[in-house]
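**Student:** My questions are about this predicted structure, shown below with the sequence.
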Amino acid sequence: MQSAPSPFPARIELRGEGLVLRDWTEDDVPAMPALFDHPDIAHWTPLVSPFDEAAARARLARDRRLRGEGSVILLAITVDGGAPCGEVMLRRGEAGVELGYAVGPAHRGRGLAARAVRVLAAYAHEELGADRVVLELEAENAASVAVATRAGFRPLDVPLIEGEEKGRPYALQTWGRNLP
């Protein structure tokens, strides 16, 4: 019988590559719709759309519940620990550690997602003992493919993950990065 994953720390703050990845707080709720209520995010991610204040509060509650279960960490991407620019996610599953990301439209083009993924991948290796982390993305999502490449990930020779989300079929490629 496999044991449940150990819980994550109640508070996490990671620094590196000119970023501070920190816990979401109640103070961030008003900023979250500007980050996540966008057609690109609605199309490429499972985040609800429209993403309003109620969705932000529900996401914050879900973050706290999943972290307490030891399965998911959602962290705000910031440059100084202040205003959020996006989000980076770490999920522990049967196949290992998966990362995900979303950057608000006003903050794109600054390399935030790739840097945040590298910082969180280092955390997965150093603190969780992960030898490899993966990203799951659609090949048609050119921005996400660019992030994965800049973060040092490469496509793995594994079957596509196919499904449907929000009434739209998808086929996710698995990209991996072996950690030192």
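**Tutor:** Ah, there it is.

**Student:** what's around the closest residue to Phe36 other than its chain neighbours, how many residues?
**Tutor:** Ranked by CB to CB, 6 or more residues apart in numbering and with sequence neighbours excluded, the top spatial neighbour of Phe36 is Phe51, at 4.1 Å. Backbone N, C-alpha and C define where each C-beta goes, glycine included. The local packing of Phe51 (other CB atoms under 10 Å) involves 21 other residues.

**Student:** for the lengthiest strand in the chain, packing partners?
**Tutor:** Longest strand of the chain, by residue count under DSSP state E: strand 168-178. Under the contact criterion of 3 or more CB pairs under 8 Å, 6 or more residues apart in numbering; DSSP states H and E, strand 168-178 touches strand 132-138, strand 154-155, strand 161-165.

**Student:** deepest of those, which one?
**Tutor:** The highest mean neighbour count among these, using mean count of other CB atoms under 10 Å, belongs to strand 132-138: a mean of 20.

**Student:** how about Asp131, what does it touch?
**Tutor:** By CB atoms under 8 Å, 6 or more residues apart in numbering, the contact set of Asp131 is 125, 178-179.

**Student:** Closest one to Ala61 out of those residues, please.
**Tutor:** His125 (29.2 Å; CB to CB).

**Student:** Just to be sure, the closest one is in a strand?
**Tutor:** No - counting by DSSP: H, G, I helix; E, B strand; the rest coil, one finds His125 to be helix, located in no strand.

**Student:** Roughly how far does it sit from Val145?
**Tutor:** 23 Å (CB to CB, to the nearest Å).

**Student:** pLDDT on stretch 42-53, on average?
**Tutor:** Averaged across stretch 42-53, the pLDDT comes to 93.

**Student:** Return the distance of it from the chain's centre.
**Tutor:** 14 Å (CA atoms, centre = their mean, to the nearest Å).

**Student:** same deal with stretch 159-178?
**Tutor:** 15 Å.
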